[in-house]
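A.B. asks: Here you go, sequence then predicted model.
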Amino acid sequence: MGELIDKIKGNVNEAVGKAKQAMADKDPATRTDKDAKMEAEGAAQELKGKAQQFKGKVKGALGDDI
């Protein structure tokens with residue numbers, strides 16, 4: 001059961017992270033510090049999601065006893 005929960009949390013975090021990165025303004029002429037912060041937060045959240053998915057895969061391979 002823990003495997004599935006980790007994979008779901010990972011997918012959600014990865015999707016939200018990608019959305020934050022997409023919402024940040026990329027145009028150098030209009031980009032603000034807020035946009036840079038949002039993009040960085042999105043990248044970190046996406047990475048967290050990937051780590052959670054990996055954790056779920058490891059739990060699946062070794063069992064939920066981890």
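C.D. replies: Happy to help now that I have it. Numbering: from 1, shown residues only.

A.B. asks: by contact count, what packs against the helix or strand containing residue 54?
C.D. replies: Using DSSP states H and E, residue 54 maps to helix 33-62. In terms of contacts (3 or more CB pairs under 8 Å, 6 or more residues apart in numbering; DSSP states H and E), helix 33-62 is packed against helix 2-23. All C-beta spots, glycine's among them, are computed from the backbone N, C-alpha and C.

A.B. asks: Report the distance from the helix it packs on to the chain centre.
C.D. replies: Put simply, helix 2-23 sits 5 Å off its chain's centre (CA atoms, centre = their mean, to the nearest Å).

A.B. asks: Give me the buried stretch members for it, please.
C.D. replies: Under the neighbour-count criterion of 16 or more other CB atoms under 10 Å, helix 2-23 has 3, 6-7, 9-10, 13-14, 16-17, 20-21 buried.

A.B. asks: list the contacts for the residue sitting nearest the centre point of the chain?
C.D. replies: The residue lying closest to the centre of the chain (CA atoms, centre = their mean) is residue 46, at 2.2 Å. Applying CB atoms under 8 Å, 6 or more residues apart in numbering, we find residue 46 in contact with 13-14, 17-18, 21.

A.B. asks: how near is the residue nearest to residue 42 when sequence neighbours are not counted to residue 38?
C.D. replies: Using CB to CB, 6 or more residues apart in numbering and skipping the chain neighbours, the partner closest in space to residue 42 is residue 20 (3.0 Å). Applying CB to CB, to the nearest Å, the value for residue 20 to residue 38 is 5 Å.

A.B. asks: Equivalent analysis for residue 15, please.
C.D. replies: In terms of CB to CB, residue 15 sits 15 Å off from residue 38.

A.B. asks: Backbone dihedrals for residue 31, both of them.
C.D. replies: For residue 31, the backbone dihedrals are phi -70, psi 140 (criterion: degrees, to the nearest 10).

A.B. asks: With residue 44 as the reference, measure out to it.
C.D. replies: Look at residue 31 and residue 44: by CB to CB, they are 18 Å apart.

A.B. asks: do the same with residue 34
C.D. replies: As judged by CB to CB, residue 34 and residue 44 stand 16 Å apart.

A.B. asks: for this protein, what are the low-confidence residue spans?
C.D. replies: 64-66 (pLDDT under 70).
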